[in-house]
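> This is the structure alone, sequence omitted:
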């Protein structure tokens, strides 16, 4: 099974949508290439599902245009777009069997019976539901129901598949399994996929590129490695899992460029990190992921008083406060006593340093 209808580029040009006086999103411009897996990542209320529904044709955008190569889509009826849609809540017809749910879109397109049967069998094999073809949705597990939703979307052989948080109703183990299957199906179909999620791990593991939608606009876009390893701003770094956010002071009067190793002070501590912005001296925002902040083997580091310790199987996860009351999160191979003192440090390559904006200078 392969996507029948191909295109070079899906273009969003100044797209926006309002619900009365409420702006869901505004001025979204984005090019998505054929065959790409793009994740729309953002917190609840950021407008990502509304944007996906505009692409599907379920909502008419308030502003901007939508193009598939030179074909304008934003004023095209949903049934003419030929896109596959996979919903968070499965959206299966409860009175129809698995087979009939999968074939519903083909029936609406009035394809020949033998072609419908052939496509349905192919879709059943792709999602490994051959043995469940005649069951009703209530007889299936959550993971199996979502597989039916995927099969129903891909059986029409769409050029574009739209997924709206399809794994959010599944348990942790099923999410991991389905994540692998979704990417595998995308690769086998050769289609383009736009995947809405609030889960950072999902976006990183699935996507070729991630577009971060926050406060109603796309704030950053890049490959998972670019966004995860070298976020452009301190705000993005926090969103990408750099949970420890500290205020420091540069210890140099010389100009530095992005990528330089720098030394800075944090209260009574001195640390090294990688400069992400050009800066000479002054206040900096320092960000470190919890998994990179560990008990120090040397005399340099940050002193804390331990407040919590949690067993995580192969490691311990803890938190503690600095002398000025800043809470830090860290990991350790061994447990530590609540209330005891501990010195923490991190590999300088994992410590990101940004020029502090006015709202970032508070510890």
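Cool, the structure landed. Note that the structure is predicted; figures quoted are calculated from it, not measured.

> tell me, how many neighbours does residue 147 end up with?
25 (other Cβ atoms under 10 Å). Using the backbone N, CA and C atoms, a C-beta is placed for each residue, glycine as well.

> Also residue 159?
Residues near residue 159, counting by other Cβ under 10 Å, number 21.

> From what I see, it and residue 189 are in contact.
No - judged on Cβ atoms under 8 Å, residue 159 makes no contact with residue 189 at a distance of 9.6 Å.

> Count the neighbours of residue 156 for me.
By other Cβ under 10 Å, the residues close to residue 156 number 23.

> Assumed it was part of a helix.
No - when classified by DSSP: H, G, I helix; E, B strand; the rest coil, residue 156 is found to be coil rather than part of a helix.

> what comes up buried for stretch 103-119?
Buried residues in stretch 103-119, counted by 16 or more other Cβ atoms under 10 Å: 103, 104, 105, 106, 111, 116, 119.

> just the residues you listed now: which is nearest residue 270?
The nearest member of the buried residues of stretch 103-119 to residue 270, counting by Cβ to Cβ, is residue 105 at 62.8 Å.

> can you put the buried residues of stretch 103-119 in a markdown table and add distance to residue 200?
Shown next, in a markdown table, are the buried residues of stretch 103-119 (distance: Cβ to Cβ, whole Å):
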| residue | distance to residue 200 |
| --- | --- |
| 103 | 36 |
| 104 | 34 |
| 105 | 32 |
| 106 | 36 |
| 111 | 40 |
| 116 | 39 |
| 119 | 35 |
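
> Closest one of those to residue 286?
residue 105 (52.1 Å).

> quick one: that closest one from residue 83, how far?
Taking Cβ to Cβ, to the nearest Å as the measure, residue 105 falls 11 Å from residue 83.

> repeat for residue 101
Taking Cβ to Cβ, one finds residue 101 at 18 Å from residue 83.

> Same question for residue 178.
20 Å.

> So between those two, which is more surrounded?
Under the criterion of other Cβ under 10 Å, the comparison of residue 178 against residue 83 puts residue 83 first, with 23 against 19.

> I'd like to know how far that one sits from residue 163.
Residue 83 sits 11 Å away from residue 163, going by Cβ to Cβ.

> My guess is residue 228 contacts residue 205. True?
No - taking contacts as Cβ under 8 Å, residue 228 lies outside contact range of residue 205: 10.8 Å.

> State the next helix or strand along the chain beyond the worst-scoring helix or strand of the chain on mean pLDDT.
For the chain, counting by mean pLDDT, DSSP states H and E, strand 261-266 ranks last in confidence among helices and strands (a mean of 80). Following strand 261-266 in sequence order, the next helix or strand is strand 269-275 (DSSP states H and E).

> Give me the angle between that following strand and strand 261-266.
Interaxial angle, strand 269-275 versus strand 261-266 (axes from the mean of the first three to the mean of the last three Cα atoms, to 10 degrees): 140 degrees.

> partners of strand 269-275 in the sheet?
Using DSSP bridges, strand 269-275 pairs in its sheet with strand 261-266 (antiparallel), strand 352-355 (parallel).

> immediately after that strand, which helix or strand?
Strand 269-275 is succeeded, C-terminally, by strand 283-288 (DSSP H and E).

> and the very next helix or strand once past that following strand, how far from the chain's centre?
Where DSSP H and E defines the elements, the next helix or strand beyond strand 283-288 is strand 294-295. Remark: strand 294-295 is offset 28 Å from the chain centroid, using Cα atoms, centre = their mean, to the nearest Å.

> what do you get for stretch 50-70?
Computed by Cα atoms, centre = their mean, the chain-centroid distance of stretch 50-70 equals 21 Å.

> Please check which residues sit opposite residue 341 as beta-bridge partners.
Beta-bridge partners recorded for residue 341 (DSSP bridges): residue 305.

> and it, how many neighbours does it have?
Residue 341: 11 neighbours (other Cβ under 10 Å).

> Now stretch 84-102: buried residues?
Per 16+ other Cβ under 10 Å, stretch 84-102 contains these buried residues: 84-88, 90, 92, 97-102.
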